[in-house]
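# generate a structure from the sequence data that follows.
(2 chains)
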Amino acid sequence: NAGVMQNPRHLVRRRGQEARLRCSPMKGHSHVYWYRQLPEEGLKFMVYLQKENIIDESGMPKERFSAEFPKEGPSILRIQQVVRGDSAAYFCASSPPSVPSYEQYFGPGTRLTVT
Amino acid sequence: TQLLEQSPQFLSIQEGENLTVYCNSSSVFSSLQWYRQEPGEGPVLLVTVVTGGEVKKLKRLTFQFGDARKDSSLHITAAQPGDTGLYLCAGDRGSTLGRLYFGRGTQLTVWP
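As a prediction, the model looks like this:
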């Protein structure tokens, strides 16, 4: 069974450019979560989505960051006008609809470097 | 401020030794999860504990959830080099469905 897939695995952007991170949940999973991991810090929750709905975006910066999980296709985390402080590992997790959402399965992450 | 504090931050031991890693909070959690993360990879779920006082065993790993559901521990018996990795605890508050709060992790190195 394929796990959570994320691409690209590594992404380099110059300041001011846009970064698009993609996440395909595990088969049968309809809940997607995005987390950010900064050096020397733990994973921080950003946003929780279900198909076509944002359930909780309280952990996401209000400016420049957006997320979607369309009816078809992967979930996208978009960062506009990136700054050096956005450099981090971004992880996507998913969970099935039939079990509590605290059981989350993580993808391998996208390492974003802003130069 | 971290909702979950893990200790120790680093642990370096010889193969065959036993060890315990702690995850503490002043807040109550509905459940706690333990993950292991290797360099360049995502966290891998090891176990979930949901009942205060619960003990779960996974081969040489024993996980315990505190009676008050504010803390947890991970005990490894006869550690092996393959146990090397970053151990993360995470918890959900119940009222914030979907959000997991993570500790900073314990980096374990087991030398042959």
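# quick one: low-confidence parts of chain A?
A:1, A:98-100 (pLDDT under 70).
# burial count for residue B:40?
Using other C-beta atoms under 10 Å in any protein chain shown, residue B:40 is surrounded by 11 other residues. Backbone N, C-alpha and C define where each C-beta goes, glycine included.
# is it part of a helix or strand, or is it coil?
Recorded secondary structure, residue B:40: coil (DSSP: H, G, I helix; E, B strand; the rest coil).
# quick one: contacts for it?
If you count contacts by C-beta atoms under 8 Å, 6 or more residues apart in numbering or on different chains, residue B:40 has them with A:108, A:109, A:111.
# show me what from chain A comes close to chain B.
With C-beta under 8 Å from any C-beta of the partner chain as the criterion, chain A meets chain B at residues A:4, A:6, A:31, A:33, A:35, A:40-45, A:48, A:55-56, A:58-59, A:91, A:93, A:100-109, A:111.
# which residue is the nearest non-sequential neighbour of residue 70?
No chain specified, so I'll use chain A. residue A:52 (6.5 Å; C-beta to C-beta, 6 or more residues apart in numbering or on different chains).
# wait, chain B was what I had in mind.
residue B:25 (5.1 Å).
# which pLDDT does the model give that neighbour?
Listed pLDDT for residue B:25 reads 95.
# burial of it, as a residue count?
Neighbours around residue B:25, by other C-beta under 10 Å: 21.
# was I right to think it contacts residue B:6?
No - using C-beta atoms under 8 Å, residue B:25 makes no contact with residue B:6, being 10.1 Å away.
# how far away is the spatially most central residue of chain A from chain B?
By C-alpha atoms, centre = their mean, chain A has its centre lying nearest to residue A:34, at 3.5 Å. Note on residue A:34: its distance to chain B, by C-beta to the nearest C-beta, to the nearest Å, is 11 Å.
# run through the bridge partners of that residue.
Counting by DSSP bridges, residue A:34 is bridged to residue A:47, residue A:92.
# if we ignore the residues flanking it in sequence, what's nearest residue A:40?
In space, residue A:40 is closest to residue B:104, 7.6 Å off (C-beta to C-beta, 6+ apart).
# residues contacting that neighbour?
So residue B:104 contacts A:40, A:41, A:42, B:2, B:5, B:6, B:9 (C-beta under 8 Å, 6+ apart).
# looking at the residues you listed, which one is closest to residue A:20?
Using C-beta to C-beta, residue A:41 is the member of those that sits closest to residue A:20, with 23.4 Å.
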